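Asker: got a predicted structure here, sequence first:
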Amino acid sequence: MARDKFDSVRELLYWSYANLAMAHTAVERRQARYGTFNYMIRAKLFKGLMDRTMHIRSLFDDEKVKLVSGNRCSYCGSTLKLSVDHVFCQKMGGKDSGDNLIYACRTCNSSKGKKDLMEWMHHRNSFPPLMILRRYLKLVVCYCEDNGLMDCAVDDLKGRELPFRIELIPIDYPDPAELVMAVDVVPSANVREK
Ligand SMILES: [Zn+2]
């Protein structure tokens, strides 16, 4: 079921987001592996996003997660020595706006440093909590929409100075047993239908 060929950046990002929704439902239901139901969700969402009958919801919902989860590190859950972390690092054009800011403890913050989120995760050989990945993917989609990159070929973005690395966007998600949703929040699925 995994795929590795994408005609455009749009297709790759929507595929990743559809996989995220699939993973989300499986983690919510405490499944160890994906089943038909999850694959159906992924297929429906991917098709809906591609034919524009479905849309990724705004970052507003992710801001609500931030309110509910309170003051804790988004990466490890620690409540100690918190600071504000830029999801897209400032050096690469990440903004000082709420969409791009989350709490991180000092340990995670200094470990991440100036690295891109996925680069950092890759480095640590781990996969981000789904809620952080959701915010991240939305930021990537917004960035690509704002900069007219959605219909570029995936290869065109490789090696470019961007706040994310297209080759590190997950297109094949781990089994749900290996995933965490967030520190302690389980929000509802995050799409809207027209
Ligand atoms: Zn932390």
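Answerer: The structure has been received and is ready for your questions. Quick caveat, the model's predicted, so the values are computed rather than measured.
Asker: from here on, just use CA atoms for contacts and neighbour counts.
Answerer: Fine.
Asker: confidence-wise, which helix or strand of this structure is lowest on average?
Answerer: Ranked by mean pLDDT, DSSP states H and E, the weakest helix or strand in the chain is strand 191-193, scoring a mean of 54.
Asker: which strand or helix spans the spatially most central residue of the chain?
Answerer: For the chain, residue 133 is the residue whose C-alpha lies nearest the centre (CA atoms, centre = their mean; 2.4 Å). Here residue 133, judged by DSSP states H and E, is contained in helix 130-146.
Asker: now the first helix or strand past that helix going along the chain: mean pLDDT?
Answerer: Counting by DSSP H and E, the next helix or strand C-terminal to helix 130-146 is helix 154-157. Averaging pLDDT along helix 154-157 yields 95.
Asker: how far does helix 154-157 sit from its chain's centre?
Answerer: Here helix 154-157 is found 19 Å from its chain centre; the criterion is CA atoms, centre = their mean, to the nearest Å.
Asker: same check, this time on stretch 40-52
Answerer: Worked out by CA atoms, centre = their mean, stretch 40-52 lies 17 Å from the chain centre.
Asker: restrict it to CA atoms and write it as CSV.
Answerer: These are the backbone C-alpha positions of stretch 40-52, laid out as CSV (Å, rounded to 0.1, in the frame of the first residue of the first chain):
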residue,chain,number,x,y,z
MET,A,40,-10.4,3.4,3.8
ILE,A,41,-10.0,6.6,5.7
ARG,A,42,-6.7,7.3,4.1
ALA,A,43,-8.0,6.6,0.6
LYS,A,44,-11.1,8.8,1.1
LEU,A,45,-9.2,11.7,2.5
PHE,A,46,-6.5,11.5,-0.1
LYS,A,47,-9.0,11.5,-2.9
GLY,A,48,-11.0,14.3,-1.3
LEU,A,49,-8.0,16.5,-0.9
MET,A,50,-6.9,15.9,-4.4
ASP,A,51,-10.2,16.6,-6.0
ARG,A,52,-10.8,19.5,-3.5
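Asker: so what touches it?
Answerer: With CA atoms under 8 Å, 6 or more residues apart in numbering as the test, stretch 40-52 has contacts from 11, 14-15, 17-19, 21-22, 54-56.
Asker: in helices, which of these fall?
Answerer: 11, 14-15, 17-19, 21-22 (DSSP state H).
Asker: export the residues you listed to CSV and tack on distance to the ion?
Answerer: As requested, the ones in helices among the contacts of stretch 40-52 are arranged in CSV below (distance: CA to the ion, whole Å):
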residue, distance to the ion
11, 32
14, 28
15, 29
17, 24
18, 27
19, 25
21, 24
22, 26
